[in-house]
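# Make a model of this:
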Amino acid sequence: MRQRTLTLQQIYREGTEALKKAGIQEAAVDAWLLLSYVTGFDKAAYYGNPGAEMTEEAEQRYQVCINRRRRRIPLQHITGEQEFMGYSFLVNEHVLIPRQDTETLVEEALKYLQPGCRILDLCTGSGCIILSLLKIGGERLKIKELSGEGTDISGDALKTAVKNARRLTVKADFFRGDLFENAEGTYDMIVSNPPYIPTRVIEGLQDEVRLYDPYIALDGKEDGLHFYRRITADSVHYCKPGSRLLFEIGSEQGKEVSALMEKAGYREICVKKDLTGLDRVVSGVYNGE
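Numbers count the residues shown, from 1 in each chain. Okay, the predicted model is just below:
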């Protein structure tokens, strides 16, 4: 028999307190998002009737979600989705959770889309970068005949990317491979958010990242530059004069990645800062020499 009846307001307060005690930094935000996930209430509905009673089933589901979050399981792994560039993407343990930092890469790449642009997204993960470019470029910016491909070494990640393409009704091709493996022809734009965290740093990351993001999506090897070296060196075989390469980078990697691109024959190299003022994107144009 049910021991008590809780209102939305009461259980939200209890959820917030439980997450605070567990050391969750944004306890109130996460408690609210989980409440909305379980009940389907938005804030207008909640504030219109905060004294509404929770059903026993909803209360139990909410407690399960709160307990999972207390164990540092990422909020997005509990709800199964994450918003990125205004769209909802499916996420799971096989893909890196899309972050606002990466929106800087998409926003920069959107500036250079042209009709007929062929785009390659390396280390595509959930597909959030390539799918956002194709969705926004085609539907909002009305750029015609865009095409895109995403590659990842993880077959499970690619399954998620394919589901997201269907979810957003975007046509994109995804194939499994180690960076350019299985890529064919030349591209007008190559984008990538590769693993860039030095191996030694990973153990010091917050639990939500260290324990639950795919290790292969984090590990940039000894100095964090391993994949930038490989991608930049090999990219010239898949570029033509005027093709553009864009990377997301760690906040202290701008100079090193810029130097790699210059050495490989890129010009017009620039570093773009994110909303917090940190270096976040490096881009350049291949000169064909």
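# Quick check: which element contains the residue sitting nearest the centre point of the chain?
Note on the chain: the residue nearest the mean C-alpha position is Pro98, at 1.8 Å, using C-alpha atoms, centre = their mean. If you go by DSSP states H and E, Pro98 is not part of any helix or strand.
# What are the phi and psi values at it?
When quoted as degrees, to the nearest 10, the phi and psi of Pro98 stand at phi -60, psi 140.
# wait, isn't it in contact with Val91?
Yes - at 7.1 Å, Pro98 counts as touching Val91 under the criterion of C-beta atoms under 8 Å. Where you see a C-beta, it was placed from the backbone N, CA and C, and this is true even at glycine.
# Common neighbours of those two, please.
Shared contacts of Pro98 and Val91 (C-beta atoms under 8 Å, 6 or more residues apart in numbering): 82, 126.
# Residue ranges of each domain in this structure, please.
Structural domains assigned to the chain are 8-71, 93-286, following automatic domain parsing.
# Same list, these, but as CSV with mean pLDDT and distance to Gly86 please.
Formatted as CSV, the domains of the chain follow (pLDDT from 0 to 100; distance: least, C-beta to C-beta, whole Å):
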stretch, mean pLDDT, distance to Gly86
domain 8-71, 93, 17
domain 93-286, 96, 8
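# which one of the ones you listed is the most hemmed in?
domain 93-286 (a mean of 18; mean count of other C-beta atoms under 10 Å).
# Adjacent strands (with direction) for the strand ranked longest in the chain?
Determined from DSSP state E, the single longest strand within the chain is strand 239-248. Using DSSP bridges, the strands paired with strand 239-248 are strand 187-192 (parallel), strand 279-286 (antiparallel).
# Now tabulate the ones you listed in CSV and tack on distance to Pro115.
Shown next, in CSV, are these (distance: least, C-beta to C-beta, whole Å):
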stretch, distance to Pro115
strand 187-192, 10
strand 279-286, 18
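# Lys20 is nearest to which of those strands?
strand 279-286 (30.8 Å; C-beta to C-beta).
# Give me every residue in contact with that closest one, excluding its own residues.
Residues contacting strand 279-286 (C-beta under 8 Å, 6+ apart): 101, 104-105, 108-109, 112, 235-236, 239-249, 251-254, 257-258, 261-262, 265-274.
# In helices, which of those residues appear?
Of those, the ones assigned to helices by DSSP state H are 101, 104-105, 108-109, 235, 254, 257-258, 261-262.
# What is the nearest of those to Ala22?
Distances from Ala22 to the ones in helices among the contacts of strand 279-286, taken by C-beta to C-beta, are shortest for Asp101, at 25.3 Å.
# still on that earlier bit, now render the domains of the chain as JSON lines, adding distance to Glu81.
What follows is those, written out as JSON lines (distance: least, C-beta to C-beta, whole Å):
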{"stretch": "domain 8-71", "distance to Glu81": "9"}
{"stretch": "domain 93-286", "distance to Glu81": "9"}
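# Out of the ones you listed, which is closest to His77?
Across the domains of the chain, His77 has its closest neighbour in domain 93-286 (6.2 Å, C-beta to C-beta).
# From the chain's centroid, how far away is that closest one?
With C-alpha atoms, centre = their mean, to the nearest Å as the basis, domain 93-286 stands 10 Å off its chain's centre.
# Could you do stretch 8-20 as well?
Distance, centroid of stretch 8-20 to centroid of chain: 28 Å (C-alpha atoms, centre = their mean).
# What ranges does this structure have for its helices?
Counting by DSSP H, the chain has these helices, from start to end: 8-21, 27-39, 43-48, 56-70, 75-79, 100-110, 128-135, 155-168, 199-202, 207-210, 226-235, 254-264.
# Let me know the angle separating the last one from strand 239-248.
Taking axes from the mean of the first three to the mean of the last three C-alpha atoms, to 10 degrees, one finds helix 254-264 and strand 239-248 inclined to each other by 170 degrees.
# so helix 254-264 versus helix 226-235, what angle?
Note on geometry: by the same axes, to 10 degrees, helix 254-264 and helix 226-235 are set 20 degrees apart in direction.
# cool, and the second one?
For the pair helix 27-39 and helix 226-235, the angle between their directions (the same axes, to 10 degrees) equals 70 degrees.
# could you measure the closest residue in space to Asp173 that isn't next to it in sequence against Ile66, distance?
In space, and not counting its chain neighbours, Asp173 is closest to Glu149: 4.7 Å by C-beta to C-beta, 6 or more residues apart in numbering. Separation of Glu149 from Ile66 (C-beta to C-beta, to the nearest Å) stands at 40 Å.
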